[in-house]
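# Need coordinates for the below:
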Amino acid sequence: MSPGTRSQKPVTLLLDSHKARKSAVWKTMTPTLLLYCLVLLLPTESCKTLCQATSKSKEKVSARLHGVCDGICMDNAHCSQSCPLGTEGNMEYACRTKKWHKITDTCRTLNAFNIFEEESYSVQPFGGDVNVNEYARKSETIADKLMQKCPMDLSCVIKNIQQSPRIPGNIAVIVQLLHNISTVLMTNVDEAKMQSYSTIANHVLNSQSISNWTFIPDRNSSCVLLHSVNSFARKLFVNKHLLDISDTFIHTMGTIITGDNTGKNFTFSMRVNDISNEVIGSVLLSNDELWKVPSPSQVISIAFPTLGAILEASLLENVAVNGLVLSVILPKELKRVSLIFEKIIKSEERKTRCVGWHSLESRWEQQACKMIQENSQQAVCQCWPNKLFTSFSILMAPHTLENPILMYITYIGLGISICSLIICLSIEALVWGQVTKTEISYLRHLCIANIAVTLLLADVWFIVASFLSGPVLHHNGCVAATFFVHFFYLSVFFWMLAKALLILYGILIVFHTLPKSVLVASLFSVGYGCPLVIAVITVAVTEPGNGYIRIEACWLNWDMTKALLAFVVPALAIVVVNLITVTLVIIKTQRAAIGISMFQEVRAIVRISKNIAILTPMLGLTWGFGIATILDGSSLVFHIIFSLLNAFQGFFILVFGTILDPKIREALKGRVASVRWISRISEQDLASEFSCHPTKGPS
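You can find the predicted model right below:
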């Protein structure tokens, strides 16, 4: 074989190999190319239709997964939706006023596998292959794992927590983590651990997270957070002169005190939100208290600028915290502390109350503090810390119009009313036999007498309740006073209703159709039975949850339980019925005056005016002005008119119900004439006795 032939053989083999590979590649690519060709050969409109259908399908799936509930919204209906992709949990909705409203949200990105900074925990997807059984077997919580990973400073979760969104589920996870840490870590809490703990708490205390607290299913989460922070701070060991751990929404200060200290002062200056100015709060320990403390002891104080709003949002209360929340952890020998709160909303028109947070009942309580001094800028409180009360603040009463004129009118009017009602009852007792000879007059005066009795007792209990509503709220006494005020004022209204029903009965039906005993029993059932049932049910339903009385006064609660409706609804309903009664009386009087002379018509107008003047206070129509006073921004004039008409109601009953009654005046004249006649007879008898037995002179 020639060299040329030998050289061609490898080339031929290479070509054959190349052809074989090319053929194989072609055979492999043929189906793919055919598929591409088919796609390219499809009509353009068909491709567009296919793409649009796919897009709409994706949108429908997305809306079904993450939107508001499908279907018709019917009141009180509920539904559940899955959380967005990348989060766990679900969202619950309720239908109110024909719209779906979110009520709870457990969406979260944090869990036991991604909260730590290690790579093995942070990259695990929710649906990945995670060795859950390992954790279940060890029964470890996140707090237990935290103690293993970074026991020195608890910092190995901070990065992932700070990067997590402040959604309701994450907030709940972090609150539970803080609670578990404060429970597991019993000792050895130093500055490093406290710094990490505060950083974790600071994330959920951020002002941007306040609205999300309302959707956490456990409404007590904010209370748990406050208790956990205070509990953890109690275990903190202060080993230097001044401990200062400052975050944006939580600031901790501590120091060592000795008996020869000259007073201590912790001053906090913090922003409530991103746009507000700084608000100041101070904790003052006087020399009189410090000398009681054995040396050395430590004092710790924590300030929260947003926790008040978070408590209000999560507990759905309508009481506004108007300053920093200050927690104080003191030696047991220190019984008293002075706190200075700068007001967030500077207002002189709304009441301010110094309060302490009741750790067991999860509510603000006024008995823990008393007001020392107040102006439009700040409030100075004196508080008594103990195991139940560690955190303190000031509350701003909603929509309260404070004016000394109203106070003077109320108490002067009540004093005059009480005296007038006593006189009214005395007159009724004096002339009862003369004015109750007929069945109609007996029932009428029975109503008047009971209206006077119940109003007198209601006014007396109102004054008692006002004394119990001082700087220190006497809870049990306040509950009792509120019950009697509620019961007797309701009795006043129901006896007014009974009188109105008697008037309607007299207008529409003949009186003698029912026996007198039946009518009397019916009147007492309406006058005392109905208000007693309402008052008992109200206190029985609301008091077990401490929602019967207000925080700032001895009266029915509105913010927590709406117990005030148990008075407002019956009272306004009775006012409406009584207004209808007065209207019917006016119509009947006008009909009787048709076709009469001018002089008689004037007398009829006078009679109508007199009926209105008499029936208005007797039927409680003056309470209708109270509607104008409950509206926001109502003028002071309406409050003054309402106070005048109702504080002097007893005086009006005396004048229009007793003195202007001609039968009572005639009976009084008869009683006076009888007394004069008896007196004259007595004088004559005495004179005749002296004339029959003249005095003898000395013998």
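
# all helices of the stretch 251-400 of the chain, in order?
For the stretch 251-400 of the chain, the helices defined by DSSP state H, counting those that start in this stretch cover 287-290, 307-315.

# I'd like to know which of the ones you listed lies nearest to residue 106.
In terms of CB to CB, the element of the helices of the stretch 251-400 of the chain nearest to residue 106 is helix 307-315, at 14.6 Å. All C-beta spots, glycine's among them, are computed from the backbone N, C-alpha and C.

# How far does the closest one sit from its chain's centre?
11 Å (CA atoms, centre = their mean, to the nearest Å).

# what does stretch 196-208 give?
The mean C-alpha position of stretch 196-208 is separated from the chain mean by 26 Å, CA atoms, centre = their mean.

# buried set for it?
Residues of stretch 196-208 classed as buried by neighbour count (16 or more other CB atoms under 10 Å): 196-207.

# what does stretch 141-151 rub up against?
With contact meaning CB atoms under 8 Å, 6 or more residues apart in numbering, stretch 141-151 is reached by 112, 115-116, 118, 138, 154, 156-157, 173, 176-177, 180-181, 183-185.

# re the thing from before, out of the buried residues of stretch 196-208, which sit inside helices?
Of the positions in the buried residues of stretch 196-208, 196-205 sit in helices, assigned by DSSP state H.

# any chance of those in TSV, plus distance to residue 645 and pLDDT?
Listed next are these as TSV, based on distance: CB to CB, whole Å; pLDDT from 0 to 100:
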residue	distance to residue 645	pLDDT
196	62	95
197	58	96
198	56	96
199	59	96
200	58	96
201	53	97
202	54	96
203	55	96
204	51	96
205	48	96
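
# And for the nearest residue to residue 143 once chain neighbours are set aside, the neighbour number?
Excluding the flanking residues, the one nearest residue 143 by CB to CB, 6 or more residues apart in numbering is residue 180, at 3.5 Å. For residue 180, the neighbour count with other CB atoms under 10 Å is 17.

# Could you do residue 461 as well?
Going by other CB under 10 Å, the residues that sit close to residue 461 add up to 21.

# Make 25 the starting number, not 1.
Let's use 25 as the start, then, which means that last one is residue 485.

# So, low pLDDT: which residues of the stretch 225-374 of the chain?
283-285, 340-342, 372-373 (pLDDT under 70).

# Just the pLDDT at residue 560, thanks.
Note on residue 560: pLDDT of 96.

# any idea which element it lies in?
helix 554-566 (DSSP states H and E).

# Dig out what the closest residue to residue 353 other than its chain neighbours forms beta bridges with.
In space, and not counting its chain neighbours, residue 353 is closest to residue 324: 4.3 Å by CB to CB, 6+ apart. Bridge pairing for residue 324 (DSSP bridges) gives the partners residue 278, residue 353.

# got a list of what residue 324 touches?
Counted by CB under 8 Å, 6+ apart, residue 324 has contacts 257-258, 260, 262, 267, 276-278, 352-353.

# ok, so what distance separates it from residue 258?
Computed with CB to CB, to the nearest Å, the distance linking residue 324 and residue 258 is 8 Å.

# picking up where we left off before, and the ones in helices among the buried residues of stretch 220-232, which is closest to residue 119?
residue 228 (29.8 Å).

# unless I'm mixing things up, the closest one is touching residue 199, no?
Yes: counting by CB atoms under 8 Å, residue 228 touches residue 199, with 6.6 Å between them.

# quick one on the thing from earlier: which of the contacts of residue 324 count as buried?
Among those, the ones that count as buried by 16+ other CB under 10 Å are 257, 260, 262, 267, 276-278, 352-353.

# For those residues, give me CSV that also has distance to residue 303.
Below are these laid out as CSV (distance: CB to CB, whole Å):
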residue, distance to residue 303
257, 21
260, 25
262, 25
267, 22
276, 17
277, 16
278, 21
352, 18
353, 22
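
# quick one on the thing from earlier: can you tell me which of the contacts of residue 324 is closest to residue 241?
Nearest to residue 241 among these, with distances taken as CB to CB, is residue 257, at 27.2 Å.

# ok, that closest one - contacts?
Residue 257 touches 218, 276, 324, 326, 351, 353, counting by CB under 8 Å, 6+ apart.

# Check the gap between it and residue 132 for me.
Distance from residue 257 to residue 132, counting by CB to CB: 27 Å.

# Surely residue 451 and residue 682 touch.
Yes: counting by CB under 8 Å, residue 451 sits close enough to residue 682 to count as a contact (5.4 Å).

# what's the overlap in contacts for those two?
Common neighbours of residue 451 and residue 682 (CB under 8 Å, 6+ apart) are residue 688.
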